[in-house]
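> sequence-free structure coming up:
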């Protein structure tokens, strides 16, 4: 079992979002951002469900923590073959809003102002997408890492969506709320632990704790996907025989996780369990032809899973206007 132990250098690099990490690599074709920005939401339907992917921004994460159980040269070569940087992972943050019946379900609540300056745009982007944050009825948290839960609090440490019902996996809740956990963690992870506890204890966030296959609202349920964190859960939307899995971070790279599903990252708290979960999900999605949404996949992050030799392939969905 691998333990989530990024180095202090990695944590500081993530927090600072160092500009040097975003320098282009001369050997790859790189598209630069426009002066006016791009659309930060995308809507589509799945049966009777209206789904909208809304961005919280981006994270610039050192690539050094990627594929930590693999040959670094092999990781580098695979990244280069996909025209990707070998020093920095420019990761999008794709939140899902599910409108089904009378429910408006938000999957994860983002970073807020407490993590990286390049993230925390969720609420503004919801409004741009025509979704009033006050209309969100349910918030489901896949796991308690900063970019998924730290946005739960406003500047007064109260729930930023006070009228929503909040949902979290029982195992995830129990892990982070252990007595003395922060002190037992490596120094570089103590801030993550304190942040998770403070987020879970947010005033006005009354939690319903979930178990495997439990329904949040009709047509929306959670499934156990442990490994990245002990109680990580993915969210499954089902309508008229069609299904989509919002993966959270149980798969967080649209290429490496598919081609080399046996690789795990320093941010995966149990590497072996992460790999087992990933292989199970890849097989299920490919066999049952389920759509998937990757939280850190290139925006909007929705596609399909195709079996390819000994591995898999992420096939971006063909959008319709």
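Right, received. Where do you want to start? The structure presented is a predicted model; accordingly, all values stated were derived computationally and were not measured.
> Residue 275: how many residues sit nearby?
Neighbour count for residue 275, taken as other CB atoms under 10 Å: 20. To be clear about C-beta, it is placed using only N, CA and C from the backbone, and glycine gets the same treatment.
> Quick one: residues contacting it.
Residues near residue 275 by CB atoms under 8 Å, 6 or more residues apart in numbering: 227, 261, 262, 263, 264.
> Just among those residues, which is most surrounded?
Counting neighbours by other CB under 10 Å, the top entry in the contacts of residue 275 is residue 264, with 27 neighbours.
> Tell me who's in contact with that residue.
Neighbours of residue 264 in contact, by CB under 8 Å, 6+ apart: 2, 67, 68, 69, 227, 271, 272, 274, 275.
> Kindly reformat these as a markdown table and extend each row with pLDDT, secondary structure and distance to residue 60.
What follows is these, written out as a markdown table (pLDDT from 0 to 100; DSSP: H, G, I helix; E, B strand; the rest coil; distance: CB to CB, whole Å):
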| residue | pLDDT | secondary structure | distance to residue 60 |
| --- | --- | --- | --- |
| 2 | 45 | coil | 24 |
| 67 | 96 | coil | 18 |
| 68 | 96 | coil | 19 |
| 69 | 97 | coil | 23 |
| 227 | 98 | coil | 24 |
| 271 | 97 | helix | 23 |
| 272 | 98 | helix | 28 |
| 274 | 98 | helix | 22 |
| 275 | 98 | helix | 25 |
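> Just the buried ones among those, please.
2, 67, 68, 227, 271, 274, 275 (16 or more other CB atoms under 10 Å).
> These into JSON lines, with extra columns for distance to residue 78?
Putting the buried ones among the contacts of residue 264 into JSON lines (distance: CB to CB, whole Å) gives the following:
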{"residue": "2", "distance to residue 78": "20"}
{"residue": "67", "distance to residue 78": "8"}
{"residue": "68", "distance to residue 78": "14"}
{"residue": "227", "distance to residue 78": "21"}
{"residue": "271", "distance to residue 78": "18"}
{"residue": "274", "distance to residue 78": "18"}
{"residue": "275", "distance to residue 78": "16"}
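> coming back round to it: quick check: strands, which of the contacts of residue 275 are part of them?
With strands taken from DSSP state E, there is no overlap with those.
> Out of these, flag the one nearest to residue 196.
Using CB to CB, residue 227 is the member of those that lies nearest residue 196, at 16.9 Å.
> Contact partners for that closest one?
Contact analysis of residue 227 by CB under 8 Å, 6+ apart lists 250, 264, 268-278.
> Distance of it relative to residue 123?
Separation of residue 227 from residue 123 (CB to CB, to the nearest Å): 30 Å.
> And residue 199, by the same measure?
Applying CB to CB, the value for residue 199 to residue 123 is 16 Å.
> which one of these two has more residues nearby?
Higher neighbour count among residue 199 and residue 123: residue 199, with 26 against 20, using other CB under 10 Å.
> so the more buried one is in which element?
Here residue 199 sits within helix 190-200, counting by DSSP states H and E.
> buried ones in that helix?
Neighbour counts over helix 190-200 (16+ other CB under 10 Å) mark 192, 193, 195, 196, 199, 200 as buried.
> Adding pLDDT, write those out as a markdown table.
Formatted as a markdown table, these follow (pLDDT from 0 to 100):
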| residue | pLDDT |
| --- | --- |
| 192 | 94 |
| 193 | 96 |
| 195 | 96 |
| 196 | 97 |
| 199 | 98 |
| 200 | 98 |
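> between the residues you listed, which is closest to residue 109?
residue 199 (8.7 Å).
> What is the burial count for residue 156?
Around residue 156 there are 8 other residues, counting by other CB under 10 Å.
> that's a strand at it, yeah?
No. Under the criterion used here (DSSP: H, G, I helix; E, B strand; the rest coil), residue 156 is coil, not part of a strand.
> for it, phi and psi?
Main-chain dihedrals, residue 156, degrees, to the nearest 10: phi -100, psi 10.
> so residue 125 sits right up against residue 41, yeah?
Yes. Residue 125 lies in contact with residue 41 (CB atoms under 8 Å); the separation is 5.9 Å.
> Between these two, which contacts overlap?
Listed as contacting both residue 125 and residue 41 by CB under 8 Å, 6+ apart are 54, 55.
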